[in-house]
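Student: Mind looking at a prediction? Sequence and model below.
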Amino acid sequence: MADVFTRARMNRRTLLKGAAGAAVLAPAAGVLVASCSISGDDDDDSDSGSNGTLPASAQAIADARGLAPDDITRALKTYMPGGQYDEFFIMASGGHSGQVLVIGVPSMRLLKVIGVFTPEPWQGYGFSDDTKAILQEGAVGDVVHTWADTHHPGLSETGGEYDGQFLFINDKANARMAVIDLRDFETKQIVKNPHIISNHGGAFVTPNTEYILDGSQYAVPYGWEYAPISEYKEKYRGAMTFWKFDRERGRIDKEQSFSIELPPYWQDLADAGKGPSDGWMFSNSFNVEMSLGGNRGDGSPLVPPVEAGASQRDMDYLTMINWKKAEELFQSGAGEDIHGMRLIRIPEAVEAGILFQFPEPKSPHGVDVTPDGKFIVVAGKLDPQVTIYSFEKIEAAIAAGNVETDEFGVPILPYEACMEAQVELGLGPLHTQFDDKGYAYTSLFLDSAIARWKVGEAGKPDSWTMVDKIQVHYNVGHLSVCEGDTVSPKGRYLIALNKWAIDRFSPVGPLHPQNFQLIDISGETMDLLYDMPIGIGEPHYVQTISADKVKAWVTYPEVGWDPIAQAPSEVATQAGSESIERDGNKVTINMTSIRSHFTPDTVEVTQGNEIVWHITNIERAQDATHGFALPGHNLNLSIEPGETTTISFTADQPGVFPFYCTEFCSALHLEMMGYFIVEPK
Amino acid sequence: MVTADRSPAMPATARQEVGQRAMPDIVGRVRQYPLRFAGLVIAAILLIASIALPYWSITLHAPQYPAGLTVDAYTYKLTGDVSEVDGLNHYIGMMKLGDAAKIERGISRVAIPVIALLAIASFWVRGRGRWLLVAPVIIYPIVFTVDLFIWLYYAGHSLDPNAALSSSIKEFTPRIFGTGVIGQFSTEAAFGVGFYLVLLAVALVIAATYRKRAEDATAR
């Protein structure tokens, strides 16, 4: 088939005009098979496709768009008729939107936008009492922050494999971490890191989701304290935070979480070990030069900005921490309380033998552990090759002892003792993931390309070789292979997350969309299938999970469900027991919604009343969601079938407020309304 | 008596004497007409088993319900998409399904075993009186069907005049069997396995009782 296509391509015009005859559409198999010669004549055009040709109607489209046979195959590979589900979900960072995007693969259909750090009106996220409380929990200082620089979604794992239960995502700007429950795809918790101000090395999980890793980005005095920049080496620090995850409760347990102090280098990406390296975690750092810029705009001569100063030395350091021993240390009471969370200082960690560094080519970005856990792949932004370290060698280097330390007392293992191999891939390598055939894939930012290379064997430097490379469009950051950072990658597809789209889509103003590109990696060579514009932010990273691992509810399990507690609500109202209770100044409304009415539908209160308004959607039909908008109160709710939600406020504004359903629920949707009447005092 | 029955050596005449001496000759009669007895017992078992199975089902199809909405009627309960169907029915002002046939559903789990036992008891009744005892079983499926029809008629003819769609939906009787149309819904109604078990039981009871007449005549 490939041969025919290659030949066909050389003579595309002939093929499209005449022998398009050459192809048969086989939808059931999802493939296009070329079956006859390319020298047919024009008479074949009228062929219906019954004897080995593209149907005339399909041929007309191909002609009009100038599609090559390969393009038609690509189109079929991503085409999923309505009602046919995708094989994989992409869980994508929503970038600056502070949200998470859920996208189907291979169709690249956008399935959901989950409100996380940012209020999301459609879902009522950040408007109901309980979701307001989640944003409040993630407040920075006293301020509820309503945006985030979401970077790295991390799926919960069991035994090193995605288990489809939870999704975590970090906010780089304010070092926050969020928990999303994948039963209802809704955010349940946001925690603010009390030690660090910005993060980058998260959310990455340990193989059984014991901890969620959260590494600092820019060094600061811990917890918003002041120290002049002249005291950088003394007072500024990095940290690696281990958020303890309580799977039973579906929440991060702050009481059982802790940080390890790190030198004031800037930590970057991180990854947990697996297999033989389970128990350890790895984090790149950069700017070991501790360059701080220093151009104060006061007329003094310019000094090199950070970008230059931080790139002077040939080597930065990779940090590794034994988190299992760190946990023991924490449980034995080590560390000191800083802003309500324990932090283990460098000397204590070094003394316990849980903190090491080893050199890596300068300005590294991604650090990725191979599926078997034996090797650690580091991509240096300014180095044309990836460097592979052997965990076995690292262990030997640690056992050998007598290592040097940096000026903060952290041991630095010898580079030569830990390094296994290097593979030259191209310019600007950033991130690496793996497939099920023994290949690794590395994004090349400067080359705007993805390199496929062979994961070699220990002791055989020549066995690590690049085998294929494909152009992407443009400036690729992260990439994701299906389950490609777990112990059992699934291969099949790769998603390239391109920062620039330039000319790939119709112009929509100076702020261009981002570009997700879907690449088929199942064949001998990689094949670019589809460009998907992302018009909501810059998604840094995605993880791709087999769709059948995610067991999402289609309605809440029973009528009167509290989605935050994921249990029957204590304030649920069942059909027939609706009421308005008045107790002094407090008015409690127990309301139900069902197509096409709210009960009660007239709520009369007096100015100054304290209102507690519970609404239960008593529907059991899929998709029979009711919205609830209350004008003048900045309020919209989404009450999904079975859900009970609550809003509380003071009725300080007298007047008449028609509330109504904001989901087009039924033919009489417009009639689904009522009056909230506030009588002046 | 049991011992006597089990003795292969005892002559038939002796056995008859023993049987005649026993107050009602319960076992002897069973031995005499085992097929008839078995027919009645099986009929009773089928009747009692039918309680656990749906007698009648209705499925509603509409574009926005790709899987359809199904309500299964048992003799004592309604299962399936009852609340969803009730929710839709409120637009046309139809009564809630659960408000129909409350008494029938309340007594069925006692009444059915009772009529089944009466049918078995008929086995020992000589003469035409036995028909009285099997009559409840024989008329049971007719009673069920008529009752169901009456309730369907009532539900479709007691629509709330204040309902949203009262002006566009006229009074109607939902189909008891086969397909119908109401609004954007097409309905499919059919009797269920439970009902067919009852019909089978009725056939068995009639067969067992009818044959008995000729035999009784000769016995007399």
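Tutor: Looks like it arrived, so ask away. What you see is a predicted model; the values in this text were computed from it and never measured. Numbering: from 1, shown residues only, chains lettered A, B, ... in the order given.

Student: list the helices and strands the helix or strand containing A:Asp214 packs on?
Tutor: With the criterion set as DSSP states H and E, the secondary-structure element containing A:Asp214 is strand A:211-216. In terms of contacts (3 or more C-beta pairs under 8 Å, 6 or more residues apart in numbering or on different chains; DSSP states H and E), strand A:211-216 is packed against strand A:199-205, strand A:238-246, strand A:251-262, strand A:266-272, strand A:280-286. C-beta here means a position set from N, CA and C on the backbone, and glycine is covered the same way.

Student: Which elements pack onto the helix or strand hosting B:Ile139?
Tutor: Taking DSSP H and E as the criterion, the element that holds B:Ile139 is helix B:129-156. Helix B:129-156 is packed against helix B:34-50, helix B:102-121, helix B:193-219, with contacts defined by 3+ C-beta pairs under 8 Å, 6+ apart.

Student: buried stuff in the shortest one?
Tutor: What that stands for is helix B:34-50. Neighbour-count burial for helix B:34-50 flags B:Arg36, B:Phe37, B:Gly39, B:Leu40, B:Val41, B:Ala43, B:Ala44, B:Leu46, B:Leu47, B:Ile48, B:Ala49, B:Ser50 (criterion: 16 or more other C-beta atoms under 10 Å in any protein chain shown).

Student: my guess is the last one meets B:Leu200, correct?
Tutor: So that's B:Ser50. No - in this structure, B:Ser50 sits apart from B:Leu200 without contact. The criterion is C-beta atoms under 8 Å, and the distance is 9.3 Å.

Student: In contact with the residue at minimal distance from the centre of chain B, which residues are there?
Tutor: Central residue of chain B (C-alpha atoms, centre = their mean): B:Val198, 4.5 Å from the mean position. Each residue near B:Val198 by C-beta atoms under 8 Å, 6 or more residues apart in numbering or on different chains is listed here: B:Leu46, B:Leu47, B:Ser50, B:Tyr55, B:Tyr140, B:Pro141, B:Phe144.

Student: How about the residues of the stretch 551-681 of chain A by chain B?
Tutor: Within the stretch 551-681 of chain A, the residues that sit near chain B (C-beta under 8 Å from any C-beta of the partner chain) are A:Ile594, A:Arg595, A:Ser596, A:Glu619, A:Arg620, A:Ala621, A:Leu668, A:Glu671.

Student: need the contact list for the first one.
Tutor: A:Ile594 sits next to A:Ala575, A:Asn617, A:Ile618, A:Glu619, A:His626, B:Gly87 when contact means C-beta under 8 Å, 6+ apart.

Student: Going by neighbour count, which of the residues of the stretch 551-681 of chain A next to chain B are buried?
Tutor: Buried members of these, counted by 16+ other C-beta under 10 Å: A:Ile594, A:Arg595, A:Ser596, A:Glu619, A:Arg620, A:Ala621.

Student: chain center to stretch A:634-647, what's the gap?
Tutor: Its chain's C-alpha centre and that of stretch A:634-647 lie 26 Å apart, by C-alpha atoms, centre = their mean, to the nearest Å.

Student: buried stuff in that stretch?
Tutor: Buried residues in stretch A:634-647, defined by neighbour count with 16+ other C-beta under 10 Å: A:635-647.

Student: export those residues to JSON lines and tack on secondary structure and pLDDT?
Tutor: Converted to JSON lines, the buried residues of stretch A:634-647 look like this (DSSP: H, G, I helix; E, B strand; the rest coil; pLDDT from 0 to 100):
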{"residue": "A:Leu635", "secondary structure": "strand", "pLDDT": "97"}
{"residue": "A:Asn636", "secondary structure": "strand", "pLDDT": "97"}
{"residue": "A:Leu637", "secondary structure": "strand", "pLDDT": "98"}
{"residue": "A:Ser638", "secondary structure": "strand", "pLDDT": "98"}
{"residue": "A:Ile639", "secondary structure": "strand", "pLDDT": "98"}
{"residue": "A:Glu640", "secondary structure": "coil", "pLDDT": "98"}
{"residue": "A:Pro641", "secondary structure": "coil", "pLDDT": "97"}
{"residue": "A:Gly642", "secondary structure": "coil", "pLDDT": "97"}
{"residue": "A:Glu643", "secondary structure": "strand", "pLDDT": "98"}
{"residue": "A:Thr644", "secondary structure": "strand", "pLDDT": "98"}
{"residue": "A:Thr645", "secondary structure": "strand", "pLDDT": "98"}
{"residue": "A:Thr646", "secondary structure": "strand", "pLDDT": "98"}
{"residue": "A:Ile647", "secondary structure": "strand", "pLDDT": "98"}
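
Student: tell me the pLDDT at the nearest residue to A:Lys235 once chain neighbours are set aside?
Tutor: On the basis of C-beta to C-beta, 6 or more residues apart in numbering or on different chains, the spatially nearest residue to A:Lys235 that is not a chain neighbour turns out to be A:Ala227, at 3.6 Å. A:Ala227 is assigned a predicted lDDT (pLDDT) of 97.

Student: how near is A:Ala227 to A:Asp149?
Tutor: Distance check for A:Ala227 against A:Asp149: by C-beta to C-beta, to the nearest Å, it reads 24 Å.

Student: okay, those two: which has more neighbours?
Tutor: Shown here are A:Ala227 and A:Asp149; by other C-beta atoms under 10 Å in any protein chain shown, A:Asp149 has more neighbours (22 against 13).

Student: Looking at the stretch 401-550 of chain A, which residue is nearest chain B?
Tutor: When you check the stretch 401-550 of chain A against chain B by C-beta to the nearest C-beta, the closest residue turns out to be A:Ala547, at 19.5 Å.

Student: what sits against that residue?
Tutor: Contact partners of A:Ala547, counting by C-beta under 8 Å, 6+ apart, are A:Tyr85, A:Asp86, A:Glu87, A:Phe88, A:Phe89, A:Gly104.

Student: Buried residues, stretch A:268-287. List them.
Tutor: Across stretch A:268-287, burial judged by 16+ other C-beta under 10 Å covers A:268-274, A:277-287.

Student: Likewise for stretch A:96-110?
Tutor: Neighbour-count burial for stretch A:96-110 flags A:96-108 (criterion: 16+ other C-beta under 10 Å).
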